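In: predicted structure and sequence below. I'll ask about it afterward.
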Amino acid sequence: MAIQVKKTEIMSQKASRCCMKVSTVLVFLLLLQAGKAQYNFSGLDSKLSQYQKQLGGNVATLIYKNGAIIYNKSLGDFTATTPAPIASCSKWLTAALVMQFVDEGKLSLDDYVSKYLPIFKDYGKGYITIRQCLSHTTGIEGDPIGLAGFIKLSRYKSLADEVDDFAAKHNIQDNPGVAFRYSTIGLNIAARVLEVISKRPFDKLMLEKMFRPLNMKNSSFTTEFERAVNPSGGCRSTAMDYMNFLSMLLNKGMFNGKRILSENAINTMQQAITKPAMIKYTPPSAKGYDYALGEWVLATDEKGKSTIVSSPGLFGTWPYIDIVRGYAAIFFVKNLEIEQRQPMYTDLRNEIEQQILPLN
């Protein structure tokens, strides 16, 4: 009889433990559902469908907040893992790689480019700094961003050849730091400096120091047909890969418990360098915005601190980070630049802001 009681007690204890485990799982699922239920993105769904044709038909949209993807919408043939060229969204990646070298003490933003590339001093361009390269204020004459510029870049067989050409054959339009002209020149010069410091090709550096640590398995700057790598616009990526990069920036340089960039590096990248009077050339998608280091400043607070930053590309992809609301988003497309893109993306961002309120 005593044995029977003991068996009954053991069975009761097991049942109790099982119920506790089930209850814990149910509570977790309820919390998860509640977290997702606080957002109603039906309005965003409608607007994406409304703009689908204008955005080229294929659109992958992701929103990240609090360590998770809270919105994932695919239209047409695109999904979050479809690779495509991202054009000038590449600049954000390149600026971040430069900042890694700054964090490591291998480079200063106020170093003269000629310290690493003496040819610039030979042609009267010895006082251009790395900071000016990342903010398009080198003063060196460049080609406006567009297909013609990409075709022109294809004639170079190496980044070294291209950058030497910038030094020897491109005129100085303004003194360094005086005027802003958006182009491929500054970021590509900075990338070449990294090659000289590390004695490694740029695409390999990006793979080892950025793509692998961020689990960006479908991203690459690798080129075809022996053409020069293009740090300003030559990356091929996916919405999910690029979101890993955005989440790292949003989380102050951390990704999956590993530090990729210092918090100071993130803050430095987000600090606007330009003033409206300095802007001499800007692409249609960024008219009216100031520029920081490798990224545009879409909004600031009353103290002038950046609150929304972005780096849109010629082919239409538009990633951004809302620092005040604590989220990142990307509209990943492959469609040539159109004048109406900025208002569309602003409308989509406003729709998201109706659901995600400021942190404070």
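Out: Yep, it's here.
In: report the contact partners of the closest residue to residue 235 other than its chain neighbours.
Out: With Cβ to Cβ, 6 or more residues apart in numbering as the criterion, residue 235 has its nearest non-adjacent residue at 3.9 Å, and that residue is residue 90. Yep, even glycine has a C-beta here, placed from its N, CA and C like the rest. Taking Cβ atoms under 8 Å, 6 or more residues apart in numbering as the criterion, residue 90 is in contact with 221, 230-235, 313.
In: where does the most centrally placed residue in the chain land on pLDDT?
Out: Central residue check for the chain by Cα atoms, centre = their mean: the C-alpha nearest the mean position is that of residue 92, 4.7 Å away. Per-residue confidence for residue 92 comes out at a pLDDT of 98.
In: surely it is in contact with residue 292?
Out: No - the pair residue 92 and residue 292 does not pass the contact test of Cβ atoms under 8 Å, sitting 10.1 Å apart.
In: quick one, phi psi at residue 101?
Out: Comment: the main-chain dihedrals of residue 101 come out as phi -70, psi -40, following degrees, to the nearest 10.
In: which residues does it contact?
Out: Residues near residue 101 by Cβ under 8 Å, 6+ apart: 107, 194, 197-198.
In: which residues of this protein fall in helices?
Out: Along the chain, the stretches classed as helices by DSSP state H are 2-37, 42-51, 90-103, 119-122, 130-134, 147-153, 159-169, 185-198, 202-206, 239-250, 263-270, 341-353.
In: those helices: lowest mean pLDDT?
Out: Comparing mean pLDDT over the helices of the chain, the weakest stretch is helix 2-37, at a mean of 44.
In: look up how far residue 48 lies from the residue nearest to the centre of the chain.
Out: Distance from residue 92 to residue 48, counting by Cβ to Cβ, to the nearest Å: 23 Å.
In: now swap in residue 139 and tell me
Out: Distance check for residue 139 against residue 48: by Cβ to Cβ, it reads 41 Å.
In: between these two, which one's more packed in?
Out: Comparing residue 139 with residue 48 by other Cβ atoms under 10 Å, the one with more neighbours is residue 139, at 23 against 20.
In: report pLDDT for the more buried one.
Out: Residue 139 is assigned a predicted lDDT (pLDDT) of 97.
In: just checking, it touches residue 171?
Out: No - if you go by Cβ under 8 Å, residue 139 and residue 171 don't touch, sitting 9.3 Å apart.
In: so who does residue 252 touch?
Out: Counting by Cβ under 8 Å, 6+ apart, residue 252 touches 263, 266.
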